[in-house]
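Undergrad: Predicted model and sequence follow; I will ask about them next.
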Amino acid sequence: MVMLQEEILAKELSNLKAYRDRAEERCRRFMDAKNRTIGIDKDYLDRQIREKRLVQEREKRERVEEGIYNESLRLAQENAHQTHREATQKITQSVTSTLLHQMSLPKNDEPLKPSANAPPLNINLCGTSSAQRFDGEDPHHSTRRAAQRRQVTTWWNTQTRLKRSAERRDANNERDYASYVAAEDRHRATVARDNDEERLRWNVAVRDENIAASDARRVRTDDEG
């Protein structure tokens, strides 16, 4: 795929260079007063037609080559998929035939936990399937499921306890913040009230002082008169 992209890029660069060369040659022919004639330059037009035909033929060949390449790639992919399917089918048939053969062999009928008086296991009467353990067998399934249920219950209780603890902590923080805001508001209100009372007392004192000064000045004026 990378080689194909490099080939396409090289062809595009070659086409661009050829176009630039033709444009430069045409410009030189047009600017040359000796070669410039009035009317149609039939030779140059014929050359353009031939070059355009060559370009079209080259592009057609490239499309044909690309189609052949794509078809070859498709056939190669189909062959690879077919080979993989055949190999998988052979493996499946081999495993199936092996399992069917093992199922046809006699099984061990002895108990899982034989008593002390039980006869020994007769290997000659047992098939290979009685001595193997498949990956799907799980003798501790019930015990494992019970342990998983206990684990899930413990996890759920822990998560519930943590969530409720976080909710109580958040509620306490909100209540403490509300108390802080209320205390801050009361303090600000007290300071503002004290400031208003102090300002009122100051104004009253200034007023009384002004009245006393005015009365004293009026008395002096009356005495002088």
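TA: Yep, it's here.

Undergrad: where do the helices sit along this structure?
TA: 2-31, 42-104, 141-224 (DSSP state H).

Undergrad: Make a markdown table from those and add mean pLDDT and mean neighbour count to it.
TA: C-betas here are computed from N, CA, C, even on glycine. Formatted as a markdown table, the helices of the chain follow (pLDDT from 0 to 100; neighbours: other CB atoms under 10 Å):
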| stretch | mean pLDDT | mean neighbour count |
| --- | --- | --- |
| helix 2-31 | 74 | 11 |
| helix 42-104 | 84 | 11 |
| helix 141-224 | 87 | 10 |
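
Undergrad: Would you mind measuring from residue 190 to residue 204?
TA: 21 Å (CB to CB, to the nearest Å).

Undergrad: same check, this time on residue 144
TA: 89 Å.

Undergrad: Ok, residue 98 next?
TA: Counting by CB to CB, the gap from residue 98 to residue 204 is 114 Å.

Undergrad: residues making contact with stretch 48-64?
TA: With CB atoms under 8 Å, 6 or more residues apart in numbering as the test, stretch 48-64 has contacts from 11, 15, 22.

Undergrad: got those residues as CSV, with distance to residue 53 columns?
TA: Output for the contacts of stretch 48-64, formatted as CSV (distance: CB to CB, whole Å):
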residue, distance to residue 53
11, 17
15, 15
22, 14
